[in-house]
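Asks: Task: produce atomic coordinates for the following.
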Amino acid sequence: MTRTPPGPLPPERARLATTLRELRAGTGLSLAALAAKTTFSKSSWERYLNGRTLPPREAVQELCRLAGEPEGRCLALWELAESEWSGRAASTTPTPTATTPTAPADSPAPPEADPDPRGPAAAGRGALLAVLASVCATAAGGLSVALVLLAGQSGDPRPAAPSPSAPAPRCRGVTCEGKSPMQMRCGEAPLTLASRRTSTGAHLELRYSDKCEAGWARMWSTRIGDRLELNRTEGGRRPHAAEITDGIAAQSYVYTPMTAARPGTTVRACFRPVTGGPRECFDAARAASSPPAR
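Replies: Numbering: from 1, shown residues only. Below is the predicted model of the structure:
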């Protein structure tokens with residue numbers, strides 16, 4: 001039976017739903033077309049995208065594949081949402097810091113009249129195995145947390161393989177100026193021209209679509225009030241900007257509008273942190289020697 005949580009969505013599930021909606025917008029697929037290209041129904045996708053139901057891990061992976069996006073960050077968001085949904089997040093207790101495992105104060109002492117029938121050596125081996133199992137469990141838990149924290153910190157510089165029969169983009173060149181890369185279907189298998197991590201810990205990328213002949217920038221792991229601006233280094237155009245307006249956006253991919261940029265044109269992204277620190281800029285260009293894909 002599907003559980004429909006009352007009231008506003010928990011932040012973990014809201015972040016995941018927002019990211020999935022952005023990915024779906026990037027594919028340009030309707031719910032019916034999305035269902036036809038995946039193993040999940042139209043009604044299921046409707047629930048997943050509005051956050052009423054936690055999607056299976058496989059659904060997140062399939063949507064990332066269709067959108068041509070690395071799945072690491074989405075799966076990290078899914079892990080957090082699944083932990084909240086299942087109640088594991090609330091029941092998690094801190095790992096003891098003592099180097100030697102100790103029994104809880106209210107646990108009964110082992111009965112002295114019932115020694116291990118295999119002798120002291122076997123009993124010692126059993127205790128050692130128990131300690132090793134505890135250490136392994138602690139290490140596994142630490143690895144899981146590390147994977148969640150590291151997810152999304154490295155961008156894949158290579159373009160993702162386009163999904164079969166991908167919808168055509170809705171703009172090209174100057175007609176893409178100032179428009180959303182997701183809504184214009186330019187996010188299908190984009191190139192990552194350059195990436196950067198700011199002094200505040202935010203992650204930035206300059207992206208480019210050969211089919212749209214346009215570039216844009218995106219940011220994540222940001223703070224409310226952070227701002228990202230994009231412009232070409234020549235032409236004197238007013239920069240396109242995106243700003244983090246709430247906590248959900250701070251944990252999701254946020255994109256600037258696009259600027260038209262033929263191969264060889266240099267585009268620049270500038271990050272303005274809400275903390276008031278110095279502006280951080282970097283630029284890149286699509287190699288002019290590589291003909292655009294058609």
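Asks: Okay, now the unreliable bits of the stretch 51-200 of the chain?
Replies: Low-confidence segments of the stretch 51-200 of the chain (pLDDT under 70): 89-167.
Asks: Just list whatever residues bridge to Ala241.
Replies: Beta-bridge pairing for Ala241 (DSSP bridges): Glu229.
Asks: Isn't it up against Thr256?
Replies: Yes: Ala241 is within contact range of Thr256, at 6.3 Å (criterion: Cβ atoms under 8 Å). C-beta coordinates here come from the backbone N, C-alpha and C atoms, glycine included.
Asks: Tell me the residues that contact both of those two, please.
Replies: Contact criterion Cβ atoms under 8 Å, 6 or more residues apart in numbering; residues shared by Ala241 and Thr256: Leu228, Glu229, Leu230.
Asks: Output the contacting helices and strands for the helix or strand encompassing Leu16.
Replies: Element membership for Leu16 (DSSP states H and E) is helix 11-27. Other elements packing on helix 11-27 under the criterion 3 or more Cβ pairs under 8 Å, 6 or more residues apart in numbering; DSSP states H and E are helix 42-50, helix 57-67, helix 72-86, helix 247-250.
Asks: for it, which positions count as buried?
Replies: For helix 11-27, the neighbour count (16 or more other Cβ atoms under 10 Å) marks 12-27 as buried.
Asks: again, but for stretch 46-53
Replies: Arg47, Tyr48, Leu49, Gly51, Thr53.
Asks: Domain map for the chain?
Replies: As given by automatic domain parsing, the domain ranges for the chain are 11-89, 173-285.
Asks: Would you mind measuring the gap between the ends of the longest one?
Replies: What that stands for is domain 173-285. End-to-end distance of domain 173-285 (Cα to Cα, to the nearest Å): 15 Å.
Asks: coming back round to it: any idea which of the buried residues of stretch 46-53 is closest to Gln61?
Replies: Tyr48 (12.6 Å; Cβ to Cβ).
Asks: quick revisit: distance to Pro8 added to the helices and strands packed on helix 11-27, as TSV?
Replies: Shown next, in TSV, are those (distance: least, Cβ to Cβ, whole Å):
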stretch	distance to Pro8
helix 42-50	12
helix 57-67	22
helix 72-86	13
helix 247-250	11
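Asks: Arg185: which of these is closest?
Replies: helix 57-67 (10.4 Å).
Asks: Can you check what angle separates the closest one from helix 42-50?
Replies: Orientation check (axes from the mean of the first three to the mean of the last three Cα atoms, to 10 degrees): helix 57-67 against helix 42-50 gives 90 degrees.
Asks: tell me the contacts of Leu49?
Replies: By Cβ under 8 Å, 6+ apart, the residues touching Leu49 are Ala17, Leu20, Arg21, Arg24, Leu31.
Asks: let's see 7 Å
Replies: For Leu49, the contacting residues are Ala17, Leu20, Arg21, Arg24, by Cβ atoms under 7 Å, 6 or more residues apart in numbering.
Asks: Arg237 too?
Replies: Residues in contact with Arg237 (Cβ under 7 Å, 6+ apart) are Asn231, Thr259.
Asks: pLDDT value on it, please?
Replies: Confidence at Arg237, expressed as pLDDT, is 72.
Asks: Can you tell me the closest non-neighbouring residue to Thr19?
Replies: Closest residue to Thr19 apart from its sequence neighbours, by Cβ to Cβ, 6 or more residues apart in numbering: Ser252 at 5.0 Å.
Asks: brain fart, Cys64
Replies: If the residues on either side of it in the chain are set aside, Cys64 comes closest to Glu71, at 4.0 Å by Cβ to Cβ, 6+ apart.
Asks: State the distance from that neighbour to Leu63.
Replies: With distances taken as Cβ to Cβ, to the nearest Å, Glu71 is found 9 Å from Leu63.
Asks: Which one's more surrounded, the two?
Replies: Counted by other Cβ atoms under 10 Å, Glu71 and Leu63 do not tie: Leu63 has more neighbours, with 28 against 19.
Asks: Make sure the more buried one is actually in contact with Glu22.
Replies: No: look at Leu63 against Glu22 with Cβ atoms under 7 Å: they stay out of range, at 10.2 Å.
Asks: Just list what the helix or strand containing Ala217 packs against, helices and strands only.
Replies: If you go by DSSP H and E, Ala217 is part of strand 214-220. Applying 3 or more Cβ pairs under 7 Å, 6 or more residues apart in numbering; DSSP states H and E, one finds that strand 214-220 contacts strand 203-209, strand 227-232, strand 254-255, strand 259-260, strand 266-272.
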